[in-house]
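>>> Generate coordinates for the sequence data below:
(chains A and B)
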2 protein chains.
Amino acid sequence: MAFINENYLKLPGSYLFSEIARRVNNFKNENPNAKIIRLGIGDVTRPLVPAVIDAMHKAVEEMAKEETFRGYGPEQGYRFLIDKIIENDYAPRGIKLDEDEVFVSDGAKSDTGNFQEIFGLDNKIAVTDPVYPVYVDSNVMAGRTGEYLEHGYFEKITYLPCTAENNFIPELPKEKVDIIYLCFPNNPTGMTLSKEELKKWVDYAKENRAIILFDSAYEAFIREKDVPHSIYEVEGADEVAIEFRSFSKTAGFTGTRCAYTVVPKKVVAYTKNGEAHQLNSLWNRRQTTKFNGVPYIIQRAAAAVYTPEGQKQIRETIDYYMDNAKIIKEGLEDAGLTVFGGVNAPYIWLKTPTGISSWEFFDIMLKEINVVGTPGSGFGPSGEGYFRLTAFGSRENTLEAIERFKNLKL
Amino acid sequence: MAFINENYLKLPGSYLFSEIARRVNNFKNENPNAKIIRLGIGDVTRPLVPAVIDAMHKAVEEMAKEETFRGYGPEQGYRFLIDKIIENDYAPRGIKLDEDEVFVSDGAKSDTGNFQEIFGLDNKIAVTDPVYPVYVDSNVMAGRTGEYLEHGYFEKITYLPCTAENNFIPELPKEKVDIIYLCFPNNPTGMTLSKEELKKWVDYAKENRAIILFDSAYEAFIREKDVPHSIYEVEGADEVAIEFRSFSKTAGFTGTRCAYTVVPKKVVAYTKNGEAHQLNSLWNRRQTTKFNGVPYIIQRAAAAVYTPEGQKQIRETIDYYMDNAKIIKEGLEDAGLTVFGGVNAPYIWLKTPTGISSWEFFDIMLKEINVVGTPGSGFGPSGEGYFRLTAFGSRENTLEAIERFKNLKL
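Numbers count the residues shown, from 1 in each chain, chains lettered A, B, ... in the order given. This next block holds a predicted model:
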């Protein structure tokens, strides 16, 4: 008799964005004429830039000819892309990486979801709260947590609250933890950590032989000078940190799918007997066994992001979104709301009016002004009473949404 | 202190194809002028067909314009592709599937590797032997097996030998098993199961409430009329079987990456308390949490395979490969070797001459005639004394390899 993985049954309800989609679809069915504006899921709307489009057409042509056709590529990604990543995203910040320390993948969601596989089940996990749900859910599925508790907590996970009260800066955990998920610029709060704050975590990890899983998918949106783009800007981080990056938001690849993960060879974790093993070789084993690489055409597209034209063009798109962020932030502030983020990140994190929960606010917005956002509580218990809007809409929709906000009776 | 997943340490050496690549690279470094012919890894060499190329160019153009740009798609795949799959691959064989029973993915390697996640760790696994290594390795990594034993066996896995002695038809296991991996047409042996033989497995699964994970990645290569293309041709299989398919070999997508998995809603597995749960909803949860779908452009490419031109064009490519298979099979037989497969599959499974092991044969072929194949023992202990060649080379290389075979002194 085949048995299921019962850890799955610990997960309450459906995945956050599926639940949002369900509610929006229900509303649409009942109100077919409503003009819904989606500022909820962090999905981009600007087309791929010309440099990327050209590179893909060329790569498609290569696939049409026997002499240039590509079959299986390296599971870890093509050198032509990995070299560009190192040269452009790391070398200019004084970070040295070997080619076999970068793993190209189909998405940071896959990588942040799958990376936990190479760790034992008895590691103690810490997450900031609110948090991108994939970090938690993938650990629940693997059996690294206990049961679901009230108010959105799971047993055996250490939650690090990030709220207006601590200016969204997580405190070091009081109990010892082994694996720490950090995401800065943060999804969902849009807030950042200074290099000094980040150093506290690197020091903690070194002292406790813990591992930091650092998601920097939003680094391209950083505007302020002193905010670190990579955790490896902190000395010694290459001994304790894995870094996840993505082309999804940086270059509009949410439907094109390419990301990468940096796994320095210096980073080790241990057997129960205290024997150190490189995470790099474990992850390599995982990827070569369960993954067959990113499509050649897509890797060419990603490489084109690093050409001078590509860089100029994606910068324009990022500026466009960050102008949206400013419009939303200022518009909401004018409407009397308390607003965070939106300066170094495409996310605006607003405080819901007193007494209104995140999901109540979601339903009010959907029904009253037909604007879709993401309930803060969907990101964790400390997200209750907050609400996320994203800057990835069109300018027209962003302006329209803010206009409608003025009419929102709360 | 962060602990590793110690199950990874049970895996001996490197992944089969990585080991082959290593030996070939060493040989190339020492013999830079050798003209190596690769008939080892099952990688295709014919370019993508014109219908697919056209569809990709069009989809790239869509991604260049705001009005037609696509961001995140459904994790399960776009309806336009799922509908084509059902209409073309299943409906004509009398198999009815709902749209939410088909999950589009980036590869059958990923899906066959990841699918075990939704099962508990105490299921008893059975695999045919020889076998595609991913089925075994992914279960080892998850901790569903014991230690590595001598001769390529793992504790707690039930091996079902498929050798010349039983005409490569696995016998039902003597002990009870819960999850059975079957692949027909088989990789690596190239042999098939009749509907009657397949029915025995479906009956076994129904009686024992076991699950069959059926890999039919090679169904497009079936030439004989009475060989089943899908396990769902067997009545009742939709209650006990999951089916994996891929565009990799069917349409030359090894570097383009698209596949799909059928998870009928009738298929259930159980909690320890005997509560039945649909695998469909568990897999859906897995995919929505840890995967973000296949690139839009690639899904358009896959959909183009089902146009009348696409079907005609891929059929020509498949014929080309199957003509190669015939050339290899007959050439090796002429050279006095005993050969299996190659009739309904692009794989030729030859018996190595008496006293020569699979890896010895690999090294001899590489050194003497510079032809790369895959050692049978790499697929499991019952593969020892066999060797796999694939029909995916160019005609020229295939003919040349067979010519060289004539000069091979054994």
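>>> Can you report how many residues lie near the residue of the stretch 251-400 of chain A found nearest chain B?
Nearest residue of the stretch 251-400 of chain A to chain B, counting by C-beta to the nearest C-beta: residue A:290, 3.5 Å away. The way it works is simple: take the backbone N, C-alpha and C, and place the C-beta from them, glycine included. A count of nearby residues for residue A:290, using other C-beta atoms under 10 Å in any protein chain shown, gives 22.
>>> cool, and residue A:223?
For residue A:223, using other C-beta under 10 Å, the count is 15.
>>> Also residue A:227?
Here the number of neighbours of residue A:227 (other C-beta under 10 Å) works out to 19.
>>> Mind listing what's buried along stretch A:174-189?
By 16 or more other C-beta atoms under 10 Å in any protein chain shown, the buried positions in stretch A:174-189 come out as A:177-189.
>>> Now do the same contact list for the residue of the stretch 251-400 of chain A closest to chain B.
A:114, B:109, B:110, B:113, B:114, B:134, B:138 (C-beta atoms under 8 Å, 6 or more residues apart in numbering or on different chains).
>>> Now flag whichever of the residues you listed is closest to residue B:50.
Nearest to residue B:50 among those: residue B:109, at 26.9 Å, using C-beta to C-beta.
>>> Backbone dihedrals for the closest one, both of them.
The phi and psi values for residue B:109, taken as degrees, to the nearest 10, are phi -60, psi -50.
>>> how about the closest residue to it other than its chain neighbours, what does it touch?
With C-beta to C-beta, 6 or more residues apart in numbering or on different chains as the criterion, residue B:109 has its nearest non-adjacent residue at 4.8 Å, and that residue is residue A:292. Going by C-beta under 8 Å, 6+ apart, residue A:292 touches A:72, A:75, B:106, B:107, B:109, B:110, B:254, B:257.
>>> from the buried residues of stretch A:174-189, which is closest to chain B?
residue A:178 (4.4 Å).
>>> The closest one is in contact with residue A:270, isn't it?
No. Using C-beta atoms under 8 Å, residue A:178 makes no contact with residue A:270, being 9.6 Å away.
>>> what sits in contact with each of those two?
B:1, B:2, B:3.
>>> Can you tell me the closest non-neighbouring residue to the last one?
Which is residue B:3. Residue B:3 sits nearest to residue A:120 (C-beta to C-beta, 6+ apart), 3.8 Å away.
>>> can you check the first one too?
Among residues not flanking residue B:1 along the chain, residue A:209 sits closest, at 4.2 Å (C-beta to C-beta, 6+ apart).
>>> Around the one you found, how many other residues sit close by?
For residue A:209, using other C-beta under 10 Å, the count is 18.
>>> What of residue A:214?
Neighbours around residue A:214, by other C-beta under 10 Å: 26.
>>> before we move on, what about residue A:354?
When counting by other C-beta under 10 Å, one arrives at 7 neighbours for residue A:354.
>>> now the one 10 residues further on
The local packing of residue A:364 (other C-beta under 10 Å) involves 17 other residues.
>>> Wait, it touches residue A:358, no?
No. Contact status for residue A:364 versus residue A:358: not in contact, 10.8 Å apart, counting by C-beta under 8 Å.
>>> host element of the residue nearest to residue B:109?
Following DSSP states H and E, one finds residue A:292 outside all helices and strands.
>>> count of neighbours near the residue nearest to residue A:271 when sequence neighbours are not counted?
Of all residues not flanking residue A:271 in the chain, residue B:6 sits nearest, at 5.6 Å (C-beta to C-beta, 6+ apart). For residue B:6, the neighbour count with other C-beta under 10 Å is 15.
>>> Buried members of the contacts of residue A:292 into PyMOL, please.
Buried residues among the contacts of residue A:292 (16+ other C-beta under 10 Å), as a PyMOL selection:
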select buried, (chain A and resi 72+75) or (chain B and resi 106+107+109+110+254+257)
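>>> Just confirm residue A:139 is within a strand.
No. Assignment of residue A:139 by DSSP: H, G, I helix; E, B strand; the rest coil gives helix, placing it outside any strand.
>>> so what's it up against?
Neighbouring residues of residue A:139 by C-beta under 8 Å, 6+ apart: A:116, A:125, A:145, A:157.
>>> Distance check, it against chain B.
11 Å (C-beta to the nearest C-beta, to the nearest Å).
>>> How about residue A:47?
With C-beta to the nearest C-beta as the criterion, residue A:47 and chain B are 4 Å apart.
>>> Next, count neighbours for the residue lying closest to that residue once chain neighbours are set aside.
Closest residue to residue A:47 apart from its sequence neighbours, by C-beta to C-beta, 6+ apart: residue B:69 at 4.3 Å. Using other C-beta under 10 Å, residue B:69 has 19 other residues around it.
>>> shouldn't residue B:69 be in contact with residue B:60?
No. The criterion here is C-beta under 8 Å, and residue B:69 misses it with residue B:60 at 11.1 Å.
>>> Where does residue A:349 sit: helix, strand or coil?
strand.
>>> and what of the one 4 residues further on?
Secondary structure, three-state DSSP: residue A:353 is coil.
>>> what's the residue nearest to it when sequence neighbours are not counted in contact with, if anything?
Nearest residue to residue A:353, sequence neighbours excluded (C-beta to C-beta, 6+ apart): residue A:410, at 4.7 Å. By C-beta under 8 Å, 6+ apart, the contact list for residue A:410 reads A:353, A:356, A:364.
>>> circling back: now render the contacts of residue A:290 as JSON lines, adding pLDDT, secondary structure and distance to residue A:334.
Shown next, in JSON lines, are the contacts of residue A:290 (pLDDT from 0 to 100; DSSP: H, G, I helix; E, B strand; the rest coil; distance: C-beta to C-beta, whole Å):
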{"residue": "A:114", "pLDDT": "98", "secondary structure": "helix", "distance to residue A:334": "43"}
{"residue": "B:109", "pLDDT": "97", "secondary structure": "helix", "distance to residue A:334": "53"}
{"residue": "B:110", "pLDDT": "98", "secondary structure": "helix", "distance to residue A:334": "48"}
{"residue": "B:113", "pLDDT": "98", "secondary structure": "helix", "distance to residue A:334": "52"}
{"residue": "B:114", "pLDDT": "98", "secondary structure": "helix", "distance to residue A:334": "48"}
{"residue": "B:134", "pLDDT": "95", "secondary structure": "helix", "distance to residue A:334": "56"}
{"residue": "B:138", "pLDDT": "98", "secondary structure": "helix", "distance to residue A:334": "54"}
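>>> By neighbour count, which of the shared contacts of residue A:178 and residue A:270 wins?
Counting neighbours by other C-beta under 10 Å, residue B:2 comes out on top of the shared contacts of residue A:178 and residue A:270 with 23 neighbours.
>>> thinking again about what came up before, per-residue pLDDT, the residue nearest to residue A:271?
On pLDDT, residue B:6 comes in at 98.
>>> Repeat that for residue A:14.
65.
>>> Now do the helices in chain A.
A:16-30, A:50-63, A:79-85, A:108-114, A:133-142, A:195-208, A:247-250, A:279-290, A:296-304, A:308-334, A:358-364, A:395-406 (DSSP state H).
>>> ranking those by mean pLDDT, which is last?
For these, mean pLDDT drops lowest on helix A:16-30, to a mean of 90.
>>> same for it, what does it pack against?
Under the contact criterion of 3 or more C-beta pairs under 8 Å, 6 or more residues apart in numbering or on different chains; DSSP states H and E, helix A:16-30 touches helix A:358-364, strand A:374-375.
>>> on that earlier part again, make JSON lines out of the contacts of residue A:290 and add distance to residue B:313.
Output for the contacts of residue A:290, formatted as JSON lines (distance: C-beta to C-beta, whole Å):
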{"residue": "A:114", "distance to residue B:313": "35"}
{"residue": "B:109", "distance to residue B:313": "25"}
{"residue": "B:110", "distance to residue B:313": "26"}
{"residue": "B:113", "distance to residue B:313": "30"}
{"residue": "B:114", "distance to residue B:313": "31"}
{"residue": "B:134", "distance to residue B:313": "29"}
{"residue": "B:138", "distance to residue B:313": "34"}
